[in-house]
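*Asks:* Predicted model and sequence below, questions to follow.
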Amino acid sequence: MIAILTDKPSVGKEIGRIIGATKVRNGYVEGNGYMVTWTFGNMLSLAMPKDYGTQKLERNDFPFIPSEFELMVRHTRTENGWIPDIDAVLQLKVIERVFQACDTIIAATDASRDGEMTFRYVYQYLNCTQPCFRLWISSLTDESVRKGMENLKPDSCYDSLFLAADSRNKADWILGINASYAMCKATGLGNNSLGRVQTPTLMMICSRYLENRDFTPQTYYRLKVTAEKDGTPFAAISELRYETLPAANAALGAVTATGTVEVADLQRREVSQEPPLLYDLTALQKEANGRYGFSADKTLSIAQSLYEKKVLSYPRTGSRYLSDDVFDEIPDRIALLERYPAFAAHAAALKGASLNRRSVDAGKVTDHHALIITECLPACSKPSPPVASRTLPPSLSRQGTACSPPRGRSSDPPDGVPCGTSGRRTTREQPLCRLCRPTRLSPCNRRSVWRNRPSPVPCTPRAASFRRWSIAAGSCRTTSFETV
């Protein structure tokens, strides 16, 4: 028999279905010569000082560094203190029985540094001696799992990966335990908790809070001009700021006396814009936060759910690149998007096109390649559920845009007018002026409005004062238009 260990029940059952282990037991599934079991995340952690026989740390005990680290079952907090997690205890007994019944073990935990540590800790804690192999896959599709089972490697090939995770975990333990206990000793309080990540993070949050709390708003004035030509409104704001209203009024009077604004200069420039790279987890979390206000944890949970539903590649990736062999599959993946209503037209336009290779660099692929869709698409006949419809489309869109054909040439409209950004060379015609910078244009102002604008343009000056980021308006010429 062959044992397979995953780090989630859903992943274990899915792998079991693919390899024919469909008989459901208590804590595992079996069949076709396999027994597939799972952990509930990280069920083991490094033991606490009291587990080494040190009931109370004294000043002379610092720094406390065990000669050999021990493992303990995950604990949960109750009204009576910390106790072992009963679910973890029971599942470890199931895993032990499964391992004892098998002569070979396959590690199918997350294909990552932490996933490797999860497996090794269980293997060490149960004092196993069977030979181990590693299932390394980037998606949970049937094809990916079968291909991974055909290309198993000895788990010893991933020793360096485990050592990296283990050394970081032990370093965090040494820093966190010693700093927390030392702080408790120094303050006489028992609720201090310090750590490598949490302490600097809290410091940054507190510093930013204090900056905002102590910020004193300041009033200043700027000039704004509003004009209209052939029914098209135009607005510009001065770059200069005036600290007093008399100074702003004096400048306003000087501008008002002219009665017109004129285009002082016209610049034409070419801008080369590359297509965006594919997403890694961090880039996806940033965009999801900007678009939908999702927290990083919520985005990760959604991406993990899509991964387990076999429609997204492994989410915890730090790379935004693909290897050449994965890039060879992209045309087929883009073709699949024709069946996804939101991207059917874009996918059809890319059919047979020469794809951009900016995101192809095997040397920059770490444990996993960038986030891409798999060959499995969600049902599209009905509207997608909120999670899929709000998170999957950005990933699909980035995949199509990043692989768009090489750059071309096009005329790019001013700020606010929608335009494509998939590897085009853009040309901008921008009216310039001497005193004022224009506000953003609304999307309704088409590019034809800005071309060959006559000068001068009559205008009506106005003035206003606002608190903090306020604008005091007047009238003057226009400055360069730049995309923000």
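*Replies:* Good, I have the coordinates.

*Asks:* how about low-confidence regions in the stretch 201-350 of the chain?
*Replies:* 261, 263 (pLDDT under 70).

*Asks:* quick one, strands of it?
*Replies:* Taking DSSP state E, counting those that start in this stretch as the criterion, the stretch 201-350 of the chain carries its strands at 224-229, 232-238, 260-261, 265-272.

*Asks:* Distance to residue 312 for those - can I get that in a markdown table?
*Replies:* (Each C-beta comes from the backbone N, C-alpha and C, glycine too.) Output for the strands of the stretch 201-350 of the chain, formatted as a markdown table (distance: least, Cβ to Cβ, whole Å):
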| stretch | distance to residue 312 |
| --- | --- |
| strand 224-229 | 47 |
| strand 232-238 | 44 |
| strand 260-261 | 52 |
| strand 265-272 | 31 |
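
*Asks:* These: which one's closest to residue 123?
*Replies:* strand 265-272 (52.3 Å; Cβ to Cβ).

*Asks:* other SSEs contacting that closest one?
*Replies:* For strand 265-272, the packing partners by 3 or more Cβ pairs under 8 Å, 6 or more residues apart in numbering; DSSP states H and E come out as strand 425-432.

*Asks:* tell me the mean pLDDT over the strand it packs on?
*Replies:* For strand 425-432, the mean per-residue pLDDT is 38.

*Asks:* for stretch 12-24, same thing?
*Replies:* 95.

*Asks:* Find the nearest non-adjacent residue to residue 282, please.
*Replies:* residue 318 (7.4 Å; Cβ to Cβ, 6 or more residues apart in numbering).

*Asks:* Please apply the same query to residue 164.
*Replies:* Nearest non-adjacent residue to residue 164 (Cβ to Cβ, 6+ apart): residue 113, at 5.6 Å.

*Asks:* Pretty sure that neighbour sits against residue 366.
*Replies:* No: distance between residue 113 and residue 366: 9.9 Å, which falls outside the contact criterion (Cβ atoms under 8 Å).

*Asks:* More neighbours: those two, which one.
*Replies:* residue 113 (21 against 12; other Cβ atoms under 10 Å).

*Asks:* Count the residues that sit near residue 374.
*Replies:* 21.

*Asks:* Please tell me I have it right and it contacts residue 141.
*Replies:* Yes: under the contact definition of Cβ under 8 Å, residue 374 touches residue 141, with a separation of 5.0 Å.

*Asks:* any common contacting residues for these two?
*Replies:* residue 310 (Cβ atoms under 8 Å, 6 or more residues apart in numbering).

*Asks:* Show me the helices in the stretch 301-450 of the chain, by range?
*Replies:* Using DSSP state H, counting those that start in this stretch, the helices of the stretch 301-450 of the chain run over 324-327, 330-336, 344-350, 386-402, 447-450.

*Asks:* just checking, the residue nearest to residue 282 touches residue 366?
*Replies:* Yes: assessed by Cβ under 8 Å, residue 318 is found in contact with residue 366 at 5.4 Å.

*Asks:* Going along the chain, name the helices of the stretch 51-200 of the chain.
*Replies:* Counting by DSSP H, counting those that start in this stretch, the helices of the stretch 51-200 of the chain are 86-100, 113-125, 142-150, 159-187, 198-213.

*Asks:* just these: most buried one?
*Replies:* helix 113-125 (a mean of 21; mean count of other Cβ atoms under 10 Å).

*Asks:* and the angle for that one with helix 86-100?
*Replies:* Per axes from the mean of the first three to the mean of the last three Cα atoms, to 10 degrees, the angle that helix 113-125 makes with helix 86-100 is 70 degrees.

*Asks:* by contact count, what packs against helix 113-125?
*Replies:* So helix 113-125, by 3+ Cβ pairs under 8 Å, 6+ apart, packs with strand 44-46, strand 71-73, helix 86-100, strand 104-107, helix 159-187.

*Asks:* what's in contact with that helix?
*Replies:* Looking at what lies outside helix 113-125 - Cβ under 8 Å, 6+ apart - the contacts are 5, 7, 39, 41-44, 71, 92, 95, 105, 107, 109-110, 132, 134, 155, 158, 161-162, 164-166, 169, 367.

*Asks:* centre of the chain versus it, how much separation?
*Replies:* 25 Å (Cα atoms, centre = their mean, to the nearest Å).

*Asks:* quick one, that helix and helix 159-187 angle?
*Replies:* 90 degrees.

*Asks:* what is the rounded mean pLDDT of helix 113-125?
*Replies:* pLDDT averaged over helix 113-125 gives 96.

*Asks:* Grab the CA positions of it and hand them over as PDB.
*Replies:* Extracted C-alpha coordinates of helix 113-125, given in PDB (Å, rounded to 0.1, in the frame of the first residue of the first chain):
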ATOM      1  CA  ARG A 113       8.400  25.700   1.600                       C
ATOM      2  CA  ASP A 114       5.800  25.600   4.400                       C
ATOM      3  CA  GLY A 115       4.000  22.700   2.800                       C
ATOM      4  CA  GLU A 116       7.200  20.700   2.800                       C
ATOM      5  CA  MET A 117       7.800  21.600   6.500                       C
ATOM      6  CA  THR A 118       4.200  20.400   7.300                       C
ATOM      7  CA  PHE A 119       4.900  17.000   5.900                       C
ATOM      8  CA  ARG A 120       8.400  16.600   7.400                       C
ATOM      9  CA  TYR A 121       7.200  17.600  10.900                       C
ATOM     10  CA  VAL A 122       4.500  14.900  10.800                       C
ATOM     11  CA  TYR A 123       7.000  12.400   9.400                       C
ATOM     12  CA  GLN A 124       9.500  13.100  12.200                       C
ATOM     13  CA  TYR A 125       6.800  13.300  15.000                       C
END
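
*Asks:* still on that earlier bit, need the helices and strands packed on helix 113-125 in JSON lines with mean pLDDT and distance to residue 63, can you?
*Replies:* Listed next are the helices and strands packed on helix 113-125 as JSON lines, based on pLDDT from 0 to 100; distance: least, Cβ to Cβ, whole Å:
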{"stretch": "strand 44-46", "mean pLDDT": "96", "distance to residue 63": "15"}
{"stretch": "strand 71-73", "mean pLDDT": "96", "distance to residue 63": "20"}
{"stretch": "helix 86-100", "mean pLDDT": "96", "distance to residue 63": "29"}
{"stretch": "strand 104-107", "mean pLDDT": "97", "distance to residue 63": "33"}
{"stretch": "helix 159-187", "mean pLDDT": "93", "distance to residue 63": "5"}
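
*Asks:* Tell me which of those sits nearest to residue 13.
*Replies:* That would be helix 86-100 among those, by Cβ to Cβ, at 14.1 Å.

*Asks:* what helices or strands is that closest one leaning on?
*Replies:* Counting by 3+ Cβ pairs under 8 Å, 6+ apart, helix 86-100 packs on strand 2-6, strand 34-38, strand 71-73, helix 113-125.
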